[in-house]
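J.: Quick one: sequence plus predicted model below, questions after.
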Amino acid sequence: MLRSWWRRLVLGLVLLAGAGFGLAHIPAVQDWLFARGVRQAVASQKGVLPQADHLKVVLCGTSAPPPSMIRAKACTLVMAGDQIFVVDTGPGSANRLSMWRFPFDQLDGVLLTHFHSDHIGDLGEFRMQGWVAGRPGPLPVHGPDGVEKLVDGVNLTYAADASFRGTSHGLDAAAALLVAKPFGLASEEERIDHMASVVIHDAGGLRITAFQVAHEPVYPAVGYRFDYKGRSVVVSGDTALSPNLVRVAKGADLLIHEGQSEEMRATFAKALKESGAAKLAKAIEGVGHYHVTPVQAAEQANDAGVRMLVFNHMGPIAPDNWVLRQIFARGLGDVRPASQWKLGFDGMTIDMPVKSKDILFTKVD
């Protein structure tokens, strides 16, 4: 009897599955399923939203220039209360934020650390996404001297796009523009010791300080410190060892710092050379002198008295599996406790509520 009942159950499930498969081929059912999915997706919020009295950081791109299947290029989102800024717009980062339903029209500005392609490649997408979402005016792009030429070039590149979309969508073409906000830090006098800094924003409880770092032959190059109601985060940008970073980062809650593994770099360059890619091998060989190793970054965090260190812009190959993570992090435990550093990933969210010492880690759903 039990065997007969089991057979009837299996037969019923097979018939039900068959009926469902058949219904799925009916256009009206397909349309209903699609409409239901769209409504749910549009109504959902993925958590990349500002929050009153919270300093939040979302890593929207943590890879170095070589490709990664799971990481975009350099991008760090900082939300201080209702003020929202993004540091760098590396390729793939706008797509990441779009998937997380980030409100591009609420972005107050882009902060560029320097003008390497892996830090600016999605600037046009940030321009477009905020505009079509309803941004009321041009998007400010802050950077050291030289940002004016970059912004002029991007505006020219996307002039036809702005005209086409403005006409077809009834949007104000003027709001499609980027507007450059240069803050200096590029004079020859400042270049001598790389110890300059300047406050570029001070409103609503948020102060943003831009400061020079050492990234020659790339010049100028900067990092940023955000101070909001007693909480603080520093974003290093690309840099070699930098006394100025240590000075500006003193006592910060959080340091988001790049890191380049020398072991991985040497192995990668050798493999490229052996495969006949001599020019690319030479490029990989040359990057070591204007980046820091993970251990050096940890030592800088210690010197600055930073509470938490999080790595981004990790390379030369992103540590996307267990073995690569072990190589990248080799030696870190000798200079800094494991509880005081983390390897970042796209979607890592770090929340620092005001009137608190908490540093809370989650990830975008």
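T.: Happy to help now that I have it. Residues are numbered from 1 along each chain as shown.
J.: Show me where this protein has its helices.
T.: Along the chain, the stretches classed as helices by DSSP state H are 2-23, 27-43, 93-99, 117-120, 123-132, 147-157, 159-169, 188-191, 243-248, 262-274, 278-286, 294-304, 322-328, 332-335.
J.: Distance to M79, mean neighbour count and mean pLDDT added to the ones you listed, as TSV?
T.: C-beta coordinates here come from the backbone N, C-alpha and C atoms, glycine included. Listed next are the helices of the chain as TSV, based on distance: least, CB to CB, whole Å; neighbours: other CB atoms under 10 Å; pLDDT from 0 to 100:
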stretch	distance to M79	mean neighbour count	mean pLDDT
helix 2-23	43	10	61
helix 27-43	22	10	72
helix 93-99	12	22	95
helix 117-120	20	21	96
helix 123-132	15	22	95
helix 147-157	22	16	97
helix 159-169	27	13	85
helix 188-191	30	12	85
helix 243-248	21	19	97
helix 262-274	32	16	79
helix 278-286	35	15	74
helix 294-304	22	21	97
helix 322-328	28	13	93
helix 332-335	28	14	94
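J.: Put together a markdown table for those, with distance to I359 on each row.
T.: A markdown table is the format used below for the helices of the chain (distance: least, CB to CB, whole Å):
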| stretch | distance to I359 |
| --- | --- |
| helix 2-23 | 47 |
| helix 27-43 | 31 |
| helix 93-99 | 22 |
| helix 117-120 | 26 |
| helix 123-132 | 27 |
| helix 147-157 | 31 |
| helix 159-169 | 40 |
| helix 188-191 | 33 |
| helix 243-248 | 19 |
| helix 262-274 | 28 |
| helix 278-286 | 34 |
| helix 294-304 | 13 |
| helix 322-328 | 21 |
| helix 332-335 | 18 |
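J.: pLDDT of stretch 100-107, averaged?
T.: Mean pLDDT, computed over stretch 100-107, is 94.
J.: Next, the buried residues of that stretch.
T.: 100-104, 106-107 (16 or more other CB atoms under 10 Å).
J.: swap in stretch 212-230?
T.: Quick answer for stretch 212-230 (16+ other CB under 10 Å): 212-215, 218-229.
J.: roughly how far is that stretch from the heart of the chain?
T.: 15 Å (CA atoms, centre = their mean, to the nearest Å).
J.: gap between the two ends of that stretch?
T.: Stretch 212-230 has an end-to-end distance of 23 Å (criterion: CA to CA, to the nearest Å).
J.: which residues touch the residue most central in space within the chain?
T.: The centre of the chain sits closest to C75, judged by CA atoms, centre = their mean, with a distance of 2.2 Å. Residues near C75 by CB atoms under 8 Å, 6 or more residues apart in numbering: 59-61, 86-90, 93, 96-97, 122.
J.: cutoff 7 Å now
T.: Listed by CB atoms under 7 Å, 6 or more residues apart in numbering, the contact set of C75 reads 60-61, 86, 88-90, 93.
J.: Also A80?
T.: Counting by CB under 7 Å, 6+ apart, A80 makes contact with 55, 206, 226, 228.
J.: and what of L139?
T.: Contacts of L139 (CB under 7 Å, 6+ apart): 107, 110, 126-127, 130, 178.
J.: Between these, which sits nearest I70?
T.: F126 (21.1 Å; CB to CB).
J.: Next, the contact list for that closest one, please.
T.: 89, 94, 104, 110, 139.
J.: what do you get if the cut-off is 8 Å, keeping everything else the same?
T.: With contacts defined as CB under 8 Å, 6+ apart, F126 is in contact with 86, 89, 94, 104, 107, 110, 139.
J.: do you know how far the fifth one is from V306?
T.: For L107, the distance to V306 (CB to CB, to the nearest Å) stands at 27 Å.
J.: again, but for the fourth one
T.: As defined by CB to CB, F104 lies at a distance of 30 Å from V306.
J.: Check Q260 too.
T.: Going from Q260 to V306 by CB to CB gives 19 Å.
J.: about what we covered before: save the contacts of L139 as CSV, and put in distance to G153 too.
T.: Output for these, formatted as CSV (distance: CB to CB, whole Å):
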residue, distance to G153
L107, 20
V110, 15
F126, 15
R127, 12
G130, 19
L178, 10
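J.: give the contact list for the nearest residue to L272 once chain neighbours are set aside.
T.: Residue nearest to L272 in three dimensions, not counting chain neighbours: A281, with 3.8 Å by CB to CB, 6 or more residues apart in numbering. By CB under 8 Å, 6+ apart, A281 lies in contact with 269-270, 272-273.
J.: Just the residues contacting stretch 316-331, thanks.
T.: With contact meaning CB under 8 Å, 6+ apart, stretch 316-331 is reached by 62-66, 68-71, 259-261, 263-265, 268, 284, 287, 294-295, 311, 314, 343.
J.: From one end of it to the other, what's the distance?
T.: Start-to-end, stretch 316-331 (CA to CA) is 17 Å.
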